[in-house]
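# no sequence on this one, just coordinates:
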């Protein structure tokens, strides 16, 4: 990946014209941390559009542009669409609300209680998925903002429509959206530490994958780790959010993981759960580390495994191959993984997932 072919729009809004009641310590700090990751990956500074509205207590220490509605709309409608590049990153942290039409509105720094100026995220995604934006075939959008229902906030007036212009739809872009909260949910923020919980997790996972930056990592490999860590925070009572991933591209358009599963929904199949639990570990994204892990297992089982360069496909092949030959080696796989990374929430989910998968893989008549 040529870093000069990478662009980014990075937004962090902590202060709003609505007044101190809207103050949100964290998004500007998280945006600067993400900006630093891409700088360290070699992306030229002029390719990184950093837009901040920091609180007075935080000095970003890096040049940035304002994060008002007119400026950000101009970037999305006029500036970025004429750029040449292969990859676009969009990072947005701040307040958001799900309007009555089900569209996520991201408030800009000049939003007030009387004039709630914001960007319609869904129309921005539509614009960048069509011929209005000829470049940026690969896009990763990361949004750490609430998706609280508009009606729950008791606004005096409904949000006015403010969609961006959209061109003709085509199949030229692959677009991934990672959202922090999930429909109707708030995105938790830690004001004392000055970070969003979702942003902190993403920044850590991206730092672990610094070797692949500035190209976006495999989103289906990244998301299970996000989901597992947010689940641990839910269990600890620190948040109620359910992160979501949406994929749009030539081959597929879908929500890979629903924001929340109700009791009427089908449970996750054992193989899928085990794959997600393994991919939640950053080490499983690195082909060299995966190979070292497999080399530590019984060679009579691993010697004939079908392997693949893509992380998810490789993990599926490893799990199904081991289960067909000797399911008990799954325990060895668990021990090998946790010896390298013993993060408690990941370890607990991996143990449960592999136990369930091993049970599902036993043939009739096998001893329990």
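Cool, the structure landed. All values reported here derive from a predicted model rather than from experimental measurement. Numbering: from 1, shown residues only.
# tell me where the stretch 201-350 of the chain has helices.
219-235, 270-279, 287-295, 299-302, 311-325, 329-340, 344-361 (DSSP state H, counting those that start in this stretch).
# hey, which of the ones you listed is tucked in deepest?
Of the helices of the stretch 201-350 of the chain, the one with the most neighbours on average (mean count of other CB atoms under 10 Å) is helix 270-279, at a mean of 23. In short, each C-beta sits where N, CA and C put it, glycine included.
# tell me which other helices or strands that one touches.
If contacts are counted by 3 or more CB pairs under 8 Å, 6 or more residues apart in numbering; DSSP states H and E, helix 270-279 sits against helix 219-235, helix 311-325, helix 344-361.
# can you list contacts of that helix?
220-221, 224-225, 227-228, 268, 284-285, 311-312, 315-316, 319-320, 337, 346, 349-350, 352-354, 356-357, 359-361 (CB atoms under 8 Å, 6 or more residues apart in numbering).
# picking up where we left off before, adding mean pLDDT, write the helices and strands packed on helix 270-279 out as CSV.
Formatted as CSV, these follow (pLDDT from 0 to 100):
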stretch, mean pLDDT
helix 219-235, 86
helix 311-325, 89
helix 344-361, 79
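# dump those into TSV; add distance to residue 88 as well.
Shown next, in TSV, are the helices and strands packed on helix 270-279 (distance: least, CB to CB, whole Å):
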stretch	distance to residue 88
helix 219-235	14
helix 311-325	23
helix 344-361	30
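# for residue 159, which of those is the nearest?
Minimum separation from residue 159 across the helices and strands packed on helix 270-279 (CB to CB) falls at helix 219-235, 27.1 Å.
# what distance separates that closest one from the centre of its chain?
9 Å (CA atoms, centre = their mean, to the nearest Å).
# of the helices of the stretch 201-350 of the chain, which is nearest residue 84?
Of all those, helix 219-235 comes closest under CB to CB, at 23.7 Å.
# what packs against the closest one?
strand 174-179, helix 197-208, strand 244-248, strand 253-257, helix 270-279, helix 311-325, helix 344-361.
# for these, which one sits closest to residue 214?
Closest among the helices and strands packed on helix 219-235, using CB to CB: helix 197-208, at 10.2 Å.
# chain center to stretch 211-219, what's the gap?
The answer for stretch 211-219 is 12 Å, by CA atoms, centre = their mean.
# what's the answer for stretch 7-22, then?
Using CA atoms, centre = their mean, the offset of stretch 7-22 from its chain centre is 20 Å.
# please apply the same query to stretch 276-293.
For stretch 276-293, the distance to the chain centre is 18 Å (CA atoms, centre = their mean).
# now stretch 164-177
Taking CA atoms, centre = their mean, one finds stretch 164-177 lying 19 Å from the centre of the chain it belongs to.
# the chain should start at 57 in everything you say after this.
Got it, the first residue is 57 from now on, which makes the last one we talked about stretch 220-233.
# my read: residue 363 touches residue 372, true?
No: Residue 363 lies out of contact with residue 372 (CB atoms under 8 Å); the separation is 11.0 Å.
# count the residues that sit near residue 64.
22 (other CB atoms under 10 Å).
# next, the angle helix 253-264 makes with the helix or strand harbouring it.
Assigned by DSSP states H and E, residue 64 belongs to strand 62-69. Using axes from the mean of the first three to the mean of the last three CA atoms, to 10 degrees, the inter-axis angle of strand 62-69 relative to helix 253-264 is 150 degrees.
# next SSE after strand 62-69?
helix 83-96.
# output the contacting helices and strands for that following helix.
strand 62-69, strand 104-109, strand 143-149, strand 194-200, strand 251-252, helix 253-264.
# quick check: buried residues in that helix?
For helix 83-96, the neighbour count (16 or more other CB atoms under 10 Å) marks 83, 84, 85, 86, 87, 88, 89, 90, 91, 93, 94, 95 as buried.
# now do stretch 248-263
So stretch 248-263, judged by 16+ other CB under 10 Å, has buried residues 250, 251, 252, 253, 254, 255, 256, 257, 258, 259, 261, 262.
# how about stretch 122-134?
Buried-residue list, stretch 122-134, by 16+ other CB under 10 Å: 123, 124, 125, 127, 128, 129, 131, 132.
# want to throw those into JSON lines with secondary structure and distance to residue 176?
Formatted as JSON lines, those follow (DSSP: H, G, I helix; E, B strand; the rest coil; distance: CB to CB, whole Å):
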{"residue": "123", "secondary structure": "coil", "distance to residue 176": "16"}
{"residue": "124", "secondary structure": "coil", "distance to residue 176": "16"}
{"residue": "125", "secondary structure": "helix", "distance to residue 176": "11"}
{"residue": "127", "secondary structure": "helix", "distance to residue 176": "16"}
{"residue": "128", "secondary structure": "helix", "distance to residue 176": "11"}
{"residue": "129", "secondary structure": "helix", "distance to residue 176": "10"}
{"residue": "131", "secondary structure": "helix", "distance to residue 176": "14"}
{"residue": "132", "secondary structure": "helix", "distance to residue 176": "10"}
